[in-house]
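**Q** Pasting the sequence and the predicted coordinates here, then a few questions.
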Amino acid sequence: MSDQSLERAVMTAIADNDLVHADELAVEVHGDYVILRGTVGSLMQRAEALRTARRVPGVDAVDALVHVRPLGGNGLADADTEAAVMAALIDDGGVPASSIEVDAHGDAVTLSGLVDARSQRDRAKRIALRVGGVAQVHNELRVLSIVSPDEVAERVTDAIGVDAQIGADRISVGVRDNDVTLSGIVGSPDHREVALAAAARAPGVMSVRDELTVRERS
């Protein structure tokens, strides 16, 4: 059975169970391994969704990455939106849906988690915006890639030019995960802006913290 066929079988089984609201869940399948995503209103519903998925022929293991919170009024609508966005991410196949969390409040959706490339980060946002009822997306996805301090420093040096090469501008580069900190001394506000922009363009960099001091030379 293909992943798509098993996914449909699991969703059909959940939809046929009156104790579970299928609109609030999305299903991701990898071979005989099933992941349930979304939000349910009680621990009983979570357990029932797990039990239902496990009973589908072809399913060997089930993980429930399911949030439990009371669903009434706006909460129910938000859960439906979260499930719809997650289902769209899974169906697209171009982003690692199992690594993405979706949180909806009204017509605003927040994406968080890890992706492998900046293109996947942008793609996930476009997918979410195409879901009905979603008007804005806060993209907090982080790119899982190693940031090289040497490459950031080289880009900053190239951008500033001769002042950096002769040591007139002294910039240190700190890296933590995908976040970069620039510290040290630059000779002008323009050099500060150029250095920050160059660091932000380095592969894998998600944010740049400015700890630079401007010390203009006469």
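**A** It's in.
**Q** contacting residues around residue 145?
**A** Going by C-beta atoms under 8 Å, 6 or more residues apart in numbering, residue 145 touches 116-117, 178, 203-204. Quick note: C-beta positions are derived from backbone N, CA and C, even for glycine.
**Q** just checking, it is part of a helix?
**A** No. Per DSSP: H, G, I helix; E, B strand; the rest coil, residue 145 lies outside any helix segment and is coil.
**Q** Go through the lengthiest helix in the chain and flag the buried ones.
**A** Looking across the chain with DSSP state H, the single longest helix is helix 74-92. Within helix 74-92, the residues scored as buried using 16 or more other C-beta atoms under 10 Å are 75-76, 78-90.
**Q** Same question for stretch 11-23.
**A** For stretch 11-23, the neighbour count (16+ other C-beta under 10 Å) marks 11, 13-14, 17, 20-23 as buried.
**Q** Of the contacts of residue 145 - the most surrounded one?
**A** Within the contacts of residue 145, most neighbours by other C-beta atoms under 10 Å means residue 204, with 19 neighbours.
**Q** With pLDDT, secondary structure and distance to residue 37 as extra columns, can I get the contacts of residue 145 in a markdown table?
**A** Compiled in a markdown table, these are given as follows (pLDDT from 0 to 100; DSSP: H, G, I helix; E, B strand; the rest coil; distance: C-beta to C-beta, whole Å):
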| residue | pLDDT | secondary structure | distance to residue 37 |
| --- | --- | --- | --- |
| 116 | 81 | coil | 19 |
| 117 | 80 | coil | 22 |
| 178 | 76 | coil | 24 |
| 203 | 76 | coil | 30 |
| 204 | 75 | coil | 27 |
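**Q** any idea which residue sits dead centre in the chain?
**A** Most central in the chain under C-alpha atoms, centre = their mean is residue 141, positioned 2.8 Å from the mean C-alpha point.
**Q** Following the chain onward from the worst-scoring helix or strand of the chain on mean pLDDT, which element is next?
**A** Ranked by mean pLDDT, DSSP states H and E, the weakest helix or strand in the chain is helix 162-165, scoring a mean of 52. Next helix or strand after helix 162-165 toward the C-terminus (DSSP states H and E): strand 170-176.
**Q** right, and the helix or strand after that next one?
**A** Remark: after strand 170-176, the chain's next helix or strand is strand 179-186, criterion DSSP H and E.
**Q** strands paired with that following strand, and their directions?
**A** strand 170-176 (antiparallel), strand 207-214 (parallel) (DSSP bridges).
**Q** Span of stretch 24-38 from start to end?
**A** End-to-end span of stretch 24-38 (C-alpha to C-alpha, to the nearest Å): 6 Å.
**Q** ok, residue 149 to residue 156 distance?
**A** Taking C-beta to C-beta, to the nearest Å as the measure, residue 149 falls 10 Å from residue 156.
**Q** which neighbours do the two share?
**A** residue 173.
**Q** With neighbour numbers in mind, choose between these two.
**A** Set residue 149 next to residue 156 and count neighbours by other C-beta under 10 Å: residue 156 wins out with 25 against 13.
**Q** Doesn't the more buried one lie inside a helix?
**A** Yes. According to three-state DSSP, residue 156 belongs to a helix.
**Q** Now do the domain split for this protein, please.
**A** Annotated domains of the chain cover 3-143, 149-214 [automatic domain parsing].
**Q** weakest of those in terms of mean pLDDT?
**A** Here the lowest mean pLDDT among those goes to domain 149-214, at a mean of 80.
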